[in-house]
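Student: sequence first, predicted model second:
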Amino acid sequence: MSAIIDVSQLGKQYRVYRKHEGLWASVSHLFKREYSTVDAVKSISFQIQEGEIVGFLGPNGAGKTTTLKLLSGLIFPSSGTATVLGHVPWKRENAYRRNFSLVMGQKNQLWWDLPAQESFRLHQAIYKVPADVFNRRLDELTSLLEVKRLIGQPVRELSLGERMRMELIASLLHNPRVLFLDEPTIGLDVVSQKRVQEFLKYYQQEERITVVLTSHYMKDVEALCKRVIIIDEGEIRHDGSLSDMVDRFSLHKVIALQFSDGEIPEDLERFGELLSVDLGVAKLKVEREQVSHILATLLDRYDIHDITVHDRPLEDVFAELFDSHRKPETEEAVV
Ligand SMILES: Nc1ncnc2c1ncn2[C@@H]1O[C@H](COP(=O)(O)OP(=O)(O)OP(=O)(O)O)[C@@H](O)[C@H]1O
């Protein structure tokens, strides 16, 4: 089976204007500008099969949005190739446009001052969706996302969560086969995040569409993605199952302990970092390779009522993985 998304050695460089400190430097650089290049994406390759939902993860500035923009044909690559549904995205063929959608959590595609239903009708016209199909899909999507009563209200009056749900509807009305989601739950409260996650899960399973999702919320990733591609500084660091990712990058585990006498021993920190003590349960962060040795020693040494070993939360695994890669921001971007 050929891949629905096939990316081969794709690269994107941006030209950035180098800014110098001080008035004299600013004036002289008005006449002689200095540029440098940023490798936003460096020769990445991956394939995604039809019906997969893949988390595309990485720290700020890793190259996620750039990759999604390339795959949506919004920008041209500097090197390499890609096809989505057999189309080269940056050729911007109509047949491709009709079959994918890009939703960016930080950008609106809906008209701010108009009710969402007006934007939906515009989409219907652009994508030439027949009236009966459009009405049926709109009815289905607005019920699933529980926003039926809001589609006549100007978008600017909606809450962030309601607006995001409208954005999703707009992106799905023409029944795309591939959906790129860039931070779809950014800024949403926990309840709205969960609603969006549940909708995406249901919709993706029902329609078997292919989804590439970037998110900094690990709850989104845990709820939706079996496979994750991790990108950092424009390069792919991991492509595989979420559980393999945790196994590979999580250097620590957490041991939760409850002592029979309810007391926390004073010397517990000699085994690892004491993360918390809550309702008589002590959580100890220990090196993964030491877990069995530490468990044996603890059981031997103390009278223990209950003991369990957990993986660290995904957020912590990521923070550990990417912590050392932050760069100071000294350059100003130009498009
Ligand atoms: N238009 C642009 N001009 C110059 N540099 C850019 C431009 N867009 C992105 N970059 C740079 O390319 C790199 C990758 O940016 P990108 O937006 O793809 O990262 P990201 O992984 O989506 O980050 P985030 O999680 O913060 O959204 C960054 O160093 C960024 O500063």
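Tutor: The structure has been received and is ready for your questions.

Student: contacts, neighbours, all on C-alpha from now
Tutor: Noted.

Student: give me the beta-bridge partners of Asp306?
Tutor: When bridges are assigned using DSSP bridges, the partners listed for Asp306 are Gln258.

Student: that one: neighbour count?
Tutor: The criterion is other CA atoms under 10 Å. On that basis, Asp306 has 12 neighbouring residues.

Student: that one is in contact with Phe259, isn't it?
Tutor: Yes: with the criterion set as CA atoms under 8 Å, Asp306 and Phe259 qualify as a contacting pair; they are 7.0 Å apart.

Student: next, count neighbours for Val147.
Tutor: 17.

Student: same thing with His238?
Tutor: Other residues near His238 number 17, with proximity taken as other CA under 10 Å.

Student: test my guess that it contacts Ile230.
Tutor: Yes: at 5.0 Å, His238 counts as touching Ile230 under the criterion of CA under 8 Å.

Student: secondary structure element for Lys285, which one?
Tutor: Assessed by DSSP states H and E, Lys285 sits inside strand 281-287.

Student: repeat that for Gln13.
Tutor: In this structure, Gln13 is located in strand 5-17 according to DSSP H and E.

Student: quick one on the thing from earlier: which helices and strands sit right next to the strand holding Lys285?
Tutor: strand 252-259, strand 273-278 (3 or more CA pairs under 8 Å, 6 or more residues apart in numbering; DSSP states H and E).

Student: quick one: mean pLDDT over that strand.
Tutor: Averaging pLDDT along strand 281-287 yields 93.

Student: what about the following helix or strand past it, distance to the chain center?
Tutor: Of the helices and strands lying after strand 281-287 in sequence (DSSP H and E), the nearest is helix 291-301. Once both centres are worked out by CA atoms, centre = their mean, to the nearest Å, helix 291-301 turns out to sit 38 Å from its chain's centre.

Student: next, work out how far apart the closest residue to Glu233 other than its chain neighbours and Asp232 are.
Tutor: Once its chain neighbours are removed from consideration, Glu233 has its nearest residue in Ala62; the separation is 4.7 Å (CA to CA, 6 or more residues apart in numbering). When distances are taken as CA to CA, to the nearest Å, Ala62 and Asp232 turn out to be 5 Å apart.

Student: low-confidence ranges in the stretch 1-150 of the chain?
Tutor: Within the stretch 1-150 of the chain, the stretches falling below the threshold (pLDDT under 70) are 1, 19-21, 25-32.

Student: can we see that at 90?
Tutor: 1-2, 16-36, 59-60, 105-109 (pLDDT under 90).

Student: which stretches in it count as helices?
Tutor: For the stretch 1-150 of the chain, the helices identified by DSSP state H, counting those that start in this stretch occupy 23-31, 64-71, 94-97, 116-127, 131-144, in order along the chain.

Student: nearest to Phe180, of these?
Tutor: Closest to Phe180 of the helices of the stretch 1-150 of the chain, according to CA to CA: helix 64-71, at 6.7 Å.

Student: the closest one vs strand 5-17, what angle?
Tutor: When axes from the mean of the first three to the mean of the last three CA atoms, to 10 degrees is applied, the directions of helix 64-71 and strand 5-17 differ by 120 degrees.

Student: assess the claim that Ile304 and Gly262 are in contact.
Tutor: No: using CA under 8 Å, Ile304 is not in contact with Gly262; the gap is 9.3 Å.
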